[in-house]
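1. Just need the structure, nothing else, for what follows:
(one chain, ligands or ions: 2)
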Amino acid sequence: MKSSPPLRGRCLCGAVRFEIHGAVAELSTCHCSECRKAYGAASGTVAIVARDDFTYTDGEARIRRYRQSDRVNRYFCSDCGSPLPMVEEWDPLVGVPAGLLEDDPGIRMTNHIFVASKPAWSEIGDSAPQHAEWRPGEDMNERASELKER
Ligand SMILES: [Zn+2]
Ligand SMILES: [Zn+2]
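-> Ligands and ions are numbered 1, 2, ... in the order given. Down below sits the predicted model:
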């Protein structure tokens, strides 16, 4: 994996830049009301990658954090406001807002979560599996508390 060219990403203004040196495990779209606000959009699509494959290459000093809850931090560029990857020291996975990617992640939508919270004005335009809330066994609240206790 290290030999293939990295996937590049950046915020709207280009101050914050990163690279992913590895495969994207999932392309997941969350339709919950929190992602709706955080992304200012009908939903938020993230590319899930291994934290070990993720590196910031520029602009880390511009990253700001909003503590949404005990388990969720939202990060954004202080210059342009783009939502930024959710990198946490306790989590081996990183959720990268897919709109930041400059290159094709190589996979197509793998799932939709919190479809029960989807606003009436929004339509899902692909055939990836849909889940009312979390995917079975993938509850982030449980996962976060388990990982933090280690
Ligand atoms: Zn920016
Ligand atoms: Zn969400």
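
2. Go through stretch 10-23 and flag the buried ones.
-> Within stretch 10-23, the residues that count as buried by 16 or more other C-beta atoms under 10 Å are 10, 11, 15, 16, 17, 18, 19, 20, 21, 22. C-beta coordinates here come from the backbone N, C-alpha and C atoms, glycine included.

3. Can you give me the end-to-end span of it?
-> One end of stretch 10-23 to the other measures 18 Å (C-alpha to C-alpha, to the nearest Å).

4. Over to stretch 101-116?
-> OK, stretch 101-116 end separation, C-alpha to C-alpha: 27 Å.

5. contacts for that stretch?
-> 5, 7-10, 23-24, 26-32, 35, 43, 45, 47, 98, 124, 126, 128-135, 138 (C-beta atoms under 8 Å, 6 or more residues apart in numbering).

6. Equivalent analysis for stretch 126-133, please.
-> Counting by C-beta under 8 Å, 6+ apart, 29, 108, 109, 110, 111, 112, 113, 114, 115, 116, 124 sit against stretch 126-133.

7. Check stretch 140-150 too.
-> The contact list for stretch 140-150, computed with C-beta under 8 Å, 6+ apart, reads 70, 71, 72, 90, 91, 92, 134.

8. if you set the cut-off to 10 Å instead, what comes out?
-> For stretch 140-150, the external contacting residues (C-beta atoms under 10 Å, 6 or more residues apart in numbering) are 30, 69-72, 88-93, 95, 113, 134, 137, 139.

9. if we can go back for a sec, buried ones among the contacts of stretch 101-116?
-> With burial judged by 16+ other C-beta under 10 Å, the buried subset of these is 7, 9-10, 24, 26-32, 35, 43, 45, 47, 98, 130-131, 134-135.

10. Please narrow these to those residing in strands.
-> Per DSSP state E, strands hold the following members of the buried ones among the contacts of stretch 101-116: 7, 9, 10, 26, 27, 28, 29, 30, 45, 47.

11. nearest to ligand 1, of the residues you listed?
-> For those, the minimum distance to ligand 1 (C-beta to the ion) is 7.7 Å, reached by residue 10.
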